[in-house]
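> Sequence first, predicted model second:
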Amino acid sequence: MTTLPQPGASARAIRHHYDLGNDFYRLWLDRGMVYSGAKWAEGDDLERAQLRKLDHHIEAAAARGAARVLDIGCGWGALLERLVTQCGVVSAVGLTLSDAQAEFVRARALPGVEVRVESWADHEPPAPYDAIVSIGAFEHFARLDMSERQKVEAYAAFFRKAWSLLRPGGRMSLQTFAYGAGRTRAQAVAAASTRFLADEIFQETDPPTLANLAEAAVGAFEVVELSNDRLGYARTCKEWSGRLRARRAEAIDLVGAAAYERYQRYLDFAFLGFTSGNLDLYRVTLQRTRRLGATP
């Protein structure tokens, strides 16, 4: 097995956030337990907007009807379920670093689904995948203490690994939040909200800039389509915040008052960040290059 360096959030840091408890997240997420910015259309509720987002990534990655699909950062398995039950996918593999999430997915016994507590850097499948989807994982691949060059190198390592996991001509659909144009990275890092999120919520995590992402993908993937849906993520955070506030007593019973208040503060900060343009939400469709290191 070839083990690549994973310079971003460690398994311990991921578990600090995601292993708080499945029952806690169930209080305020949608029924599918989708924990990333939804894709809203007029008349949508949270359930419909999250399904719309999943379907966007499935179509962007050309995953419908595929034999083998990889979900990097699979969360509680909503995309895996949709792939095998609605989209004719034969085998869907999900990677997570959260034991709680993996146990949740396994308990559902979805046909054709395998979930692994494993980093993308360590994943060695028996055959290439037809498509890759990664929603809400990329922002964990670098840390606040890394330089811009180190961040790009970390992201480039991910893209090279994804290239090796995909069949020739395969596509990857990626979603990540990122620093927006409202301020520089240095200004963002100095902000109290950033320090709070880094210390209390997303430990060992620093999101990319659009420039980081674009530079790192060169030679492994061509960017086919890119959109910024920061207001959609703002709306999602507002919905989550309201749902959590409505279940305050139950949340405190599950995780305690301090954790409840910490999450309400985090969702409020995130809402303001996406509304102001200090944070962006990118959905990117990527096509594998013919040769690693070559232009498309």
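Arrived safely, thanks for sending. Owing to the predicted nature of the structure, the values given are computational and were not obtained by experimental measurement.

> For Arg283, give the beta-bridge partners.
Gln175, Ser227 (DSSP bridges).

> Let me know the pLDDT of it.
You'll see Arg283 listed with a pLDDT of 98.

> Repeat that for His16.
The model reports His16 with a pLDDT of 49.

> do Ile201 as well
You'll see Ile201 listed with a pLDDT of 70.

> count of neighbours near it?
Ile201: 17 surrounding residues under other CB atoms under 10 Å. (Each C-beta comes from the backbone N, C-alpha and C, glycine too.)

> and if you look at Gly32?
Counted with other CB under 10 Å, residues neighbouring Gly32 total 18.

> what separates it from Val93, distance-wise?
19 Å (CB to CB, to the nearest Å).

> Ok, Ala234 next?
Ala234 sits 32 Å away from Val93 when distances are taken as CB to CB.

> go on, Gln264?
35 Å.

> who has more neighbours, these two?
Val93 (22 against 16).

> So that one belongs to a strand, correct?
Yes. Under DSSP: H, G, I helix; E, B strand; the rest coil, Val93 sits within a strand.

> Show the pLDDT at it.
98.

> I'd say it and Trp120 touch.
No. The criterion here is CB atoms under 8 Å, and Val93 misses it with Trp120 at 11.2 Å.

> Which residue ranges of this structure form helices?
Along the chain, counting by DSSP state H, helices occupy 11-18, 22-28, 46-60, 78-86, 99-107, 148-165, 185-190, 192-196, 210-217, 230-246, 248-255, 257-276.

> name the helices or strands packed onto the fourth one?
So the one you mean is helix 78-86. Using 3 or more CB pairs under 8 Å, 6 or more residues apart in numbering; DSSP states H and E, the elements in contact with helix 78-86 are helix 46-60, strand 68-72, strand 91-96, strand 113-117.

> burial count for the residue nearest to Leu20 when sequence neighbours are not counted?
Spatial nearest neighbour of Leu20, excluding adjacent residues (CB to CB, 6 or more residues apart in numbering): Val255 at 6.0 Å. Using other CB under 10 Å, Val255 has 17 neighbouring residues.

> pLDDT value on the residue lying closest to Arg183 once chain neighbours are set aside, please?
Leaving aside its chain neighbours, Arg183 sits nearest to Asn278 (5.8 Å; criterion: CB to CB, 6+ apart). Per-residue pLDDT puts Asn278 at 91.

> gap between Asn278 and Asn212?
Distance of Asn278 to Asn212, computed by CB to CB: 16 Å.

> check contacts around Gly180.
Gly180 sits next to Arg230, Gly273, Ser276, Gly277, Asn278, Leu279, Asp280 when contact means CB atoms under 8 Å, 6 or more residues apart in numbering.

> now swap in Arg288 and tell me
By CB under 8 Å, 6+ apart, Arg288 lies in contact with Trp163, Leu166, Arg167, Pro168, Gly169, Gly170, Arg171, Met172, Ala220, Phe221.

> The same query, at a cut-off of 6 Å, please.
Counting by CB atoms under 6 Å, 6 or more residues apart in numbering, Arg288 makes contact with Trp163, Leu166, Gly170.
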